[in-house]
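**Q** give the three-dimensional model of this entry:
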Amino acid sequence: MEITKGLNLRALEIFVTVVEKESMSKASRHLGMTQSSISQHITQQENLFSTILFDRSIRPITLTPAGHVYYQHAQKVLETVTDMWGTLHNLDTAPLKKVRISVIDTLADTLIPELTQCVGELYPKGSVTITSGQTDDHREALINRKTDIIITMDPMDDIDKMERYPLYKEPFVLVTPQNKPVKFIKNEIQASGLPFIRFTPTLPVSRLIEQHLRRLKIRPPYRYELDTTRSIMPMIAAGAGWTITTPTGLLESRHFLLGVSISPLPFTPLHRTISLVAREHELGDLPSQLAKKAIMHLHHTTKSLLTAALPDTIEDIMFYG
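**A** Got it, this is the predicted structure:
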């Protein structure tokens, strides 16, 4: 139809988000897009209808009369499409043909085989794609419909119409070479001259740790930046430094545990929660079933593989469900 030329659902979603967030910058963070891309989409819609949708001279930006009309219709269209999508995905006569799941790197080796088997049992005729990677990448992929389910340390509370299932909450721990204890005296970490081995600053786990240290005014000297626990642990076992990570983060490097010492943080505790997140009403009960399976598997695996190395810390991991 000629009337729909140049108009798409993504553009409507962007417009509605800008209206509800009252800011293009807030909308860009919410949608995982750049502010310039948001602005371009709005301009394209204004050009399409030959009208101005926002009064940009006012802060926060305000809808024009034409913008109010457009907003009302855009809301109705998006609500209708959401209902249609959910209905079609839940029809017994339309079995799911493909499920895409993204898992944070630290759980990939432990969790991917279990998830693959679980989804295969629930959907024997469908294909399953499971990938690992970083939390920020998975967030953007879920928003942009490039994946269907993510297991992440970001519950995406700022994004509407998501279903969330917390899996577990765990404390961060201190990992040092054996026989080289770290002391915390007067807001300083003393580690026998060893440097802090930090995670690459762009990673969410690194930002969480660094923010916590800054709040406490703790600034340990560092020399190395690496992007996985798997690459950090051999260095600590070799006596090259110390780090802060989590018990389940150590699962992928458990063969190095004999060469290190693991203890609670010697200052204010820090925790992270891992959740399963999916778009609402699109996958039936699959997300909730996968969450239950993941909790059971991780609970069993963590206790069996890490209890010897972290007898006290294991008890501090809280599994949901």
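**Q** after the helix or strand encompassing residue 137 comes which helix or strand?
**A** Using DSSP states H and E, the element containing residue 137 is helix 135-143. Using DSSP H and E, the helix or strand that directly follows helix 135-143 along the chain is strand 149-152.
**Q** please identify the buried residues of stretch 55-65?
**A** Neighbour-count burial for stretch 55-65, counted by 16 or more other CB atoms under 10 Å, picks out 61, 63. C-beta: built from backbone N, CA, C; applies to glycine.
**Q** so where do the helices sit in the stretch 1-150 of the chain?
**A** 9-21, 24-31, 35-49, 65-89, 105-122, 135-143 (DSSP state H, counting those that start in this stretch).
**Q** report the distance from the longest one to the chain centre.
**A** Here the centre of helix 65-89 is set off from its chain's centre by 27 Å, with CA atoms, centre = their mean, to the nearest Å.
**Q** contacts for that helix next, please.
**A** Applying CB atoms under 8 Å, 6 or more residues apart in numbering, the contact partners of helix 65-89 are 9, 12-13, 15-16, 19, 45, 49, 51-54, 63, 94, 96, 161, 280-284.
**Q** run the last query once more with 10 Å
**A** 7, 9, 11-16, 18-20, 42, 45-46, 49-55, 61-64, 94, 96, 148, 161, 279-284, 286 (CB atoms under 10 Å, 6 or more residues apart in numbering).
**Q** could you check the angle helix 35-49 makes with it?
**A** Per axes from the mean of the first three to the mean of the last three CA atoms, to 10 degrees, the angle that helix 65-89 makes with helix 35-49 is 100 degrees.
**Q** do the same with the fifth one
**A** If you take the same axes, to 10 degrees, helix 105-122 sits at 50 degrees to helix 35-49.
**Q** packing partners of helix 105-122?
**A** strand 98-104, strand 127-133, strand 149-152, helix 229-237, strand 271-279, helix 286-306 (3 or more CB pairs under 10 Å, 6 or more residues apart in numbering; DSSP states H and E).
**Q** out of the ones you listed, which is the most enclosed?
**A** strand 149-152 (a mean of 26; mean count of other CB atoms under 10 Å).
**Q** what pairs with it, parallel or antiparallel?
**A** The pairing partners recorded for strand 149-152 under DSSP bridges are strand 98-104 (parallel), strand 271-279 (antiparallel).
**Q** angle of the first one against helix 135-143?
**A** Right, strand 98-104. Going by the same axes, to 10 degrees, strand 98-104 makes 160 degrees with helix 135-143.
**Q** just checking, residue 115 touches residue 109?
**A** No. Taking contacts as CB atoms under 10 Å, residue 115 lies outside contact range of residue 109: 12.0 Å.
**Q** nearest to residue 133, out of the strands paired with strand 149-152?
**A** Smallest distance to residue 133 across the strands paired with strand 149-152 (CB to CB): 6.1 Å, for strand 98-104.
**Q** pLDDT score for the closest residue to residue 37 other than its chain neighbours?
**A** Setting aside the residues directly before and after it, residue 37 is nearest to residue 28 in space (CB to CB, 6 or more residues apart in numbering), at 7.4 Å. With respect to pLDDT, residue 28 scores 84.
**Q** burial of residue 28, as a residue count?
**A** Residue 28 has 20 neighbours, counted by other CB atoms under 10 Å.
**Q** am I right that residue 184 is in a strand?
**A** Yes. Under DSSP: H, G, I helix; E, B strand; the rest coil, residue 184 falls within a strand.
**Q** rewinding a little: give the residues shared as contacts by residue 115 and residue 109.
**A** residue 103.
**Q** and the two? Which one has more around it.
**A** Between residue 115 and residue 109, counted using other CB under 10 Å, the more crowded position is residue 115 (22 against 15).
**Q** now do stretch 291-300: distance to the chain's middle.
**A** On the basis of CA atoms, centre = their mean, stretch 291-300 sits 18 Å off its chain's mean C-alpha point.
**Q** thank you kindly, that will do.
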